[in-house]
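Asker: What would the 3D arrangement of this be:
(one chain, ligands or ions: 1)
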Amino acid sequence: MSLLEVKGLSVGYKALIGKFTVLHDINFSLEQGEIVGIVGESGSGKSTLGHSIIRLLPPNSFIEKGSIFFQGKDIVKIPENEMTKIRGSGIFMILQNPLNSLNPVKRIKDQLLEAVKVKKPNVDEKEAKEIILDAVKAVRLPDPEEIIKKYPHQLSGGQIQRVVIAMALILRPRVLIADEPTSALDVTIQAQIVKLFKQLRDEEKISILFISHDISLVYAIADRLVVMYAGRIMEDGNIEEVIKNPLHPYTQGLISSIPTSTKKDGELRAIPGSPPSFLVLPSGCKFNPRCSKVIEQCKSREPELLDVKGRKVRCWWA
Ligand SMILES: Nc1ncnc2c1ncn2[C@@H]1O[C@H](COP(=O)(O)OP(=O)(O)OP(=O)(O)O)[C@@H](O)[C@H]1O
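Answerer: Below you'll find the model as predicted:
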């Protein structure tokens with residue numbers, strides 16, 4: 001049994017323009033101590049997937065169908081009070097906008113203290129402070145003693161991002177969902193955070209869903225890669241194998257658009273066109289209008305996510 005298993009999950013939103021489905025029949029699992037990278041262009045549904053797993057979807061969303069098993073229990077169906085107990089030390093999410101995770105009227109140290117108390121309800125003041133300062137130092141926040149006395153609005157975006165990562169370090173959840181966790185950080189600190197996440201995986205067997213549009217960053221951290229397009233999983237496999245030999249033309253496109261030191265300008269190819277709107281998705285494969293390998297049946301029938309050469313691919317051509 002996997003630690004986390006998403007089965008046939010479809011999620012949509014109700015908006016003024018109408019109702020539309022974003023996630024379509026998502027199936028994947030996360031093992032204990034595994035880092036899975038989720039990549040895809042903006043709007044492919046990555047955050048919606050993360051919010052579904054921690055059950056923090058906005059009020060205008062709806063789950064059409066599907067299950068999310070965490071430690072064997074379908075958390076789509078459990079009552080909110082049970083889910084509240086899972087959030088934090090069971091499943092924790094570093095949100096794309098981390099300010100939303102903090103209380104604006106509480107000092108950082110008090111918010112981190114709450115996290116400490118989740119893990120150690122009877123902790124004394126001295127030990128709690130040590131745990132807080134260790135976490136704050138681990139995420140390379142400058143001047144730890146001073147920074148924890150501040151309120152969220154007194155910190156920069158990058159500092160807030162690191163406070164929330166420090167909270168994750170204190171909570172040590174079984175599943176950590178990190179949605180673009182290093183987007184506001186410079187590359188040196190980004191590398192430190194990537195190292196911290198790997199340490200969490202190796203030492204604590206924490207499982208991480210690392211969401212990013214940056215496939216080269218994901219390559220630096222993940223064991224497995226899940227590629228999303230238009231709310232669908234297009235490819236899912238071991239990261240080394242997928243990067244070396246991508247089978248889906250969309251994955252191939254994402255990889256050819258990564259700048260590397262050995263690529264000359266002419267070799268950098270962006271995927272032509274842009275992702276479709278969820279209101280008017282093309283028939284057949286949702287990527288077919290942008291695909292260089294398109295064949296006739298791609299336009300009429302949508303392929304399923306099938307096992308191909310030891311991984312999963314949603315493509316007629318593959
Ligand atoms: N609260 C909402 N109401 C209506 N539509 C929404 C809502 N949240 C997201 N969407 C739509 O759902 C689709 C998927 O968005 P989502 O944020 O999950 O994608 P993403 O891959 O995480 O993108 P990004 O990398 O830009 O964050 C988009 O078309 C978005 O506009």
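
Asker: ok, how many other residues are close to the closest residue to residue 239 other than its chain neighbours?
Answerer: Once flanking residues are discounted, residue 239 sits nearest to residue 225: 4.5 Å by C-beta to C-beta, 6 or more residues apart in numbering. Using the backbone N, CA and C atoms, a C-beta is placed for each residue, glycine as well. For residue 225, the count of nearby residues is 26 (other C-beta atoms under 10 Å).

Asker: what are the phi and psi values for residue 225?
Answerer: phi -120, psi 130 (degrees, to the nearest 10).

Asker: And the pLDDT at it?
Answerer: According to the prediction, residue 225 has pLDDT 98.

Asker: What parts of the chain come near the ligand?
Answerer: The chain comes close to the ligand at residues 13, 15, 22, 40, 42-48, 58, 60, 96, 213, 278, as judged by C-beta under 6 Å from any ligand atom.

Asker: and residue 78, what element?
Answerer: For residue 78, there is no helix or strand it lies in under DSSP states H and E.

Asker: my guess is residue 41 contacts residue 229, does it?
Answerer: Yes - judged on C-beta atoms under 8 Å, residue 41 makes contact with residue 229 at a distance of 7.4 Å.

Asker: Those two: who's more crowded?
Answerer: Taking other C-beta under 10 Å, residue 41 and residue 229 do not tie; residue 229 has more neighbours (27 against 17).

Asker: What's the separation between the more buried one and residue 291?
Answerer: For residue 229, the distance to residue 291 equals 10 Å [C-beta to C-beta, to the nearest Å].

Asker: residues shared between the contacts of these two?
Answerer: Residues touching both residue 229 and residue 291 by C-beta atoms under 8 Å, 6 or more residues apart in numbering: residue 250.

Asker: related to what we said a few turns ago, which residues do residue 41 and residue 229 both contact?
Answerer: residue 275.

Asker: which intervals of the stretch 151-300 of the chain have sub-threshold pLDDT?
Answerer: Where the stretch 151-300 of the chain drops to pLDDT under 70, the residues are 260-268.

Asker: just so I have it, where are all the helices in it?
Answerer: Secondary structure of the stretch 151-300 of the chain (DSSP state H, counting those that start in this stretch): helices at 157-171, 187-204, 215-221, 239-244, 249-256.

Asker: quick one, which of those helices is packed in tightest?
Answerer: Mean neighbour count (mean count of other C-beta atoms under 10 Å) peaks for helix 157-171 among the helices of the stretch 151-300 of the chain, with a mean of 23.
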